[in-house]
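**Q** the sequence and its predicted three-dimensional model are supplied below.
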Amino acid sequence: MREVVLPEVGRVAAWRKEARALASQGIRAEDVVWRVGAATGDLFAGAAPTPGPRREIRVSRKALSTIESALHHSDPERFARAYAAVLRLSDRQVTWGDRSDPMIRRILADAKAVGRDVHKMHAFVRFRELPSDGARRAFGAWFEPEHPIVEAATPFFAKRFGDMDWVIATPTLTARFTEAGLSFSPTPPDQRPPEDATEELWRTYYASIFNPARLMVGAMQSEMPKKYWKNLPEAALIPDLIRDAPRRAAEMQAAMPTEPPARRAMVARAMARREAVAPLPGSLDDLRAQAAGCTRCPLHGPATQVVFGEGPVDSDLMIVGEQPGDQEDLAGRPFVGPAGAVFDAEANAAGLDRSRVYVTNAVKHFKFTARGKRRIHQRPDAGEVEHCRWWLDLERQMVAPRLIVAMGATACASLTGSGAGLLKRRGGIEAAADGTPVLVTIHPSYILRVPDPTAQAEARAQLRSDLVAARDWLAAQARM
Amino acid sequence: MPGLSLSQKLAILSDAAKYDASCASSGGERRDSRDGKGLGSSGGSGICHAYAPDGRCISLLKILMTNFCIFDCAYCVNRVSSQVDRARFSVEEVVKLTIEFYRRNYIEGLFLSSGIIRSPDDTMADMVRIARTLREQENFRGYIHLKTIPDAAPELIEEAGKWADRLSINIEMPTETGLARLAPEKDAKGIRKAMGEVRLRREASREVTYRGKRKARFAPAGQSTQVIVGADGADDKAILSQSSNLYANYALSRVYYSAFSPIPDSSKALPLIRPPLLREHRLYQADWLLRFYGFDVSEVASKGMLDLDVDPKLAWALDHRGAFPVDVNRAAKEMLLRVPGFGTKTVGRLLAARRHRTLRYEDLKAMGAVMKHAAPFITAAGWSPRGLTDAEALRARFAPPPEQLSLF
């Protein structure tokens, strides 16, 4: 038998060092007795253990970190179990994470219990202010964890409370933090800090944030077990809050609704005065405001907003796309997403100034299906296009463009009555119902969906040449 | 408000804030104060520092800046027509409370909301000033959650996102008509537009330029919202459809469900009821199924209302027994996630373990499965449910026993 004594402070690092040394000497797990504190030097010591094969320990970082975390458990067998586990893992007798192995399962359970205890310490330590002689404020706390976790739990407080000095005393160890850093020492007797006036404010908050109409004592106690209550300043209020809750809830329900205070009428008058200025009736802005409340088809439900056309009301050229996409729906402006970027680039290359062009869509709401956190674009059906043509027609009457560019089958269908055979028709000039010339072309989002790079470049060139054609057509018209 | 002490104001303004269920302080940006020049840390999982006897966690100092309000929302304790006591914090008071509570490890940070005073812009500007003072003067590095006011100016939202970890705006009601009826001054489309704007700004803030520079931070812990359950007639399907739409549209981190609860000085428009706490719980369970288990709203809430007796996953399995039993050694991940009693962690462990051995019934318990729920729906080495899966009485094993109604 070999006795290994670990120090009170820095146990885990010491265990690691000892475990490495023992393994390299080939000492078997069952031949070691682990102890914390002072050496007793008795027991079965004396007979030197017979060494097994010498080895170097190789364990994954993840496994070691969990095993070391389990060493903060209060179980006296933990050091021996951890040493046995690293030997077995190193020899590949067992795989890490295999819960069917009792030893691994126990270590995982211990590590989980330690993790929970550490978490509760982070939550339930309550500092009280102490007199300070320096520039930094000083605080102290008394806490009773279930396991010896002070060294594992307190680095968190060092990260969080970097600009103050603090002491956390527990029945065994005390952690102390100053500008010089974090240090640990055995706790001297009677280390509870004195009362702090802010605790009264905290109790006020605790009592007020509680809703007596939804009393759930079990839910509270499963997360804040009674064993922690004695060091929580707010816990003294709990019995009274629970006792009075049913009465308070019943009183709220029984109380008759009161008449509104005089202030309400005053506020109502002030609110009425603040009504927004209505746009000029019959203007494009008026049309935009009307469209914003459109519920002609069911697409308005899931979408964020109507994306109305944008551009000068006296534009010669009107560009009509299919429908707003994800980005357009959020921003409320047409052609600002990926397809919009393609359109902007090609329009620029074709010598069109977007600020002089009226851009809009055949359908004003985004149609999509929700997949988890994403929205998948869906093509609007004929009925939706038909419903929305109401707005497109009004826009067209208002802007009265000399030429319309219809991008994609949906726009084409809305303007000319048919969206079929788009690739054969593109580049040609057709007529809308009222006779306005319509130049047919592909939609920029079609370009984004073409997988092959050369075909994509070709499609881009087609869109650009159609936009150039539109520009030239307008220029020729202007000369006539 | 002259005359009110800090303690009285705190009592009034935390009482006014308690109907907001949001308490998360997790995620977002990793910060700490190891340099000794500031106070606080955040990032990683949040911490609940206390629990009130209503079972809700207390993680943040949840207060209103003021409970004066010009709106008249029937469900709200702070509506203009209510006779509750009113108070208003100054910027310094909120900052002092936050810092002193934080230093004593009572809280993870501040959750600031407000009634609407004067105008949305004025209110938002005051809230932003509090957040800025905390960050710039006090070097506070803890968590800040700001409620954004619909219709506030974009510059104010931009600044709010710069100082706060999370922004939220409550959608309040499951349907637009419900909102129009109970909160006449609020506008559902306006709320959705504001959420869309926050999502766009968040995405823009995460873009990295060609030189590797990042834009100014904007609400790194995301945005959330809250729906009040049981104040209007909307069913669970309507509520969950709205949630799934909100998750997809605005990349929300969370939708909170808050059972409509009796409030002091209630409105005539809304009769007071016992808060439907179990319904709220089932909605959260269904919400998790939508987000992490691959379920669709039409599957979970096919009947309109969720089953109150058994949890939604079990209810689905009981209605679709043809899909079970599932062989844990062969079934695809998507199907394993649908087994009652299996959580995402259990499924992860199970998939990892079955790569190198055959799983037995006993292994599943060690992996964290709730075998009472799972057993009738799976097969494993050494286990077959035989007739149990299709047994008439299977539902009775899980549902609470029937109760005799009162005869008098």
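**A** Structure's in. What do you need? Quick caveat: nothing in here was measured; it's all calculated off a predicted structure. Residues are numbered from 1 along each chain as shown, chains lettered A, B, ... in the order given.
**Q** count of residues packed around residue B:173?
**A** If you count neighbours by other Cβ atoms under 10 Å in any protein chain shown, residue B:173 ends up with 26. For every residue, glycine as well, the C-beta is placed using N, CA and C.
**Q** per-domain residue ranges of the chain.
**A** I'll assume chain A. A:2-120, A:125-186, A:203-252, A:284-479 (automatic domain parsing).
**Q** nope, chain B
**A** As given by automatic domain parsing, the domain ranges for chain B are B:6-275, B:312-398.
**Q** how about the last one and chain A, touching?
**A** Same thing as domain B:312-398. Yes - applying Cβ under 8 Å from any Cβ of the partner chain, one finds domain B:312-398 in contact with chain A at B:349, B:352, B:353, B:356, B:360, B:362, B:363, B:366, B:367.
**Q** rewinding a little: so can I have CSV of the domains of chain A showing mean pLDDT?
**A** Formatted as CSV, those follow (pLDDT from 0 to 100):
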stretch, mean pLDDT
domain A:2-120, 88
domain A:125-186, 94
domain A:203-252, 92
domain A:284-479, 92
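**Q** columns mean neighbour count and distance to residue B:293 on top of the ones you listed, output as CSV?
**A** As requested, those are exported to CSV (neighbours: other Cβ atoms under 10 Å in any protein chain shown; distance: least, Cβ to Cβ, whole Å):
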stretch, mean neighbour count, distance to residue B:293
domain A:2-120, 16, 22
domain A:125-186, 18, 32
domain A:203-252, 17, 23
domain A:284-479, 18, 11
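**Q** okay if I get the ones you listed as JSON lines plus distance to residue B:29?
**A** Shown next, in JSON lines, are the domains of chain A (distance: least, Cβ to Cβ, whole Å):
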{"stretch": "domain A:2-120", "distance to residue B:29": "21"}
{"stretch": "domain A:125-186", "distance to residue B:29": "14"}
{"stretch": "domain A:203-252", "distance to residue B:29": "26"}
{"stretch": "domain A:284-479", "distance to residue B:29": "20"}
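**Q** turn those domains into a markdown table, including distance to chain B.
**A** Output for those, formatted as a markdown table (distance: least, Cβ to the nearest Cβ, whole Å):
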| stretch | distance to chain B |
| --- | --- |
| domain A:2-120 | 4 |
| domain A:125-186 | 3 |
| domain A:203-252 | 3 |
| domain A:284-479 | 4 |
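**Q** closest to residue B:209 out of those domains?
**A** domain A:284-479 (16.3 Å; Cβ to Cβ).
**Q** now residue 313, nearest residue through space, not along the chain?
**A** The chain I'm using is chain A. Closest residue in space to residue A:313, ignoring its immediate chain neighbours: residue A:284 at 4.9 Å, by Cβ to Cβ, 6 or more residues apart in numbering or on different chains.
**Q** correction: the question concerned chain B.
**A** Leaving out its chain neighbours, residue B:313 is closest to residue B:340 (Cβ to Cβ, 6+ apart), at 5.1 Å.
**Q** what sits against that neighbour?
**A** Residues counted as contacts of residue B:340 (Cβ atoms under 8 Å, 6 or more residues apart in numbering or on different chains) are B:311, B:313, B:314, B:317, B:370, B:373, B:374, B:377.
**Q** which helix or which strand is home to it?
**A** Residue B:340 is part of no helix or strand, with elements assigned from DSSP states H and E.
**Q** if I look at it, how far off is residue B:309?
**A** Distance check for residue B:340 against residue B:309: by Cβ to Cβ, to the nearest Å, it reads 14 Å.
**Q** swap in residue B:94?
**A** Relative to residue B:309, and taking Cβ to Cβ, residue B:94 is found at 45 Å.
**Q** comparing those two, which shows the higher neighbour count?
**A** A side-by-side neighbour count of residue B:94 and residue B:309, using other Cβ under 10 Å, places residue B:94 first with 26 against 15.
**Q** and the more buried one, how far from residue A:201?
**A** Distance from residue B:94 to residue A:201, by Cβ to Cβ: 13 Å.
**Q** now do the closest residue to residue B:349 other than its chain neighbours, the pLDDT please.
**A** Nearest residue to residue B:349, sequence neighbours excluded (Cβ to Cβ, 6+ apart): residue B:367, at 4.4 Å. Looking at residue B:367, its pLDDT reads 90.
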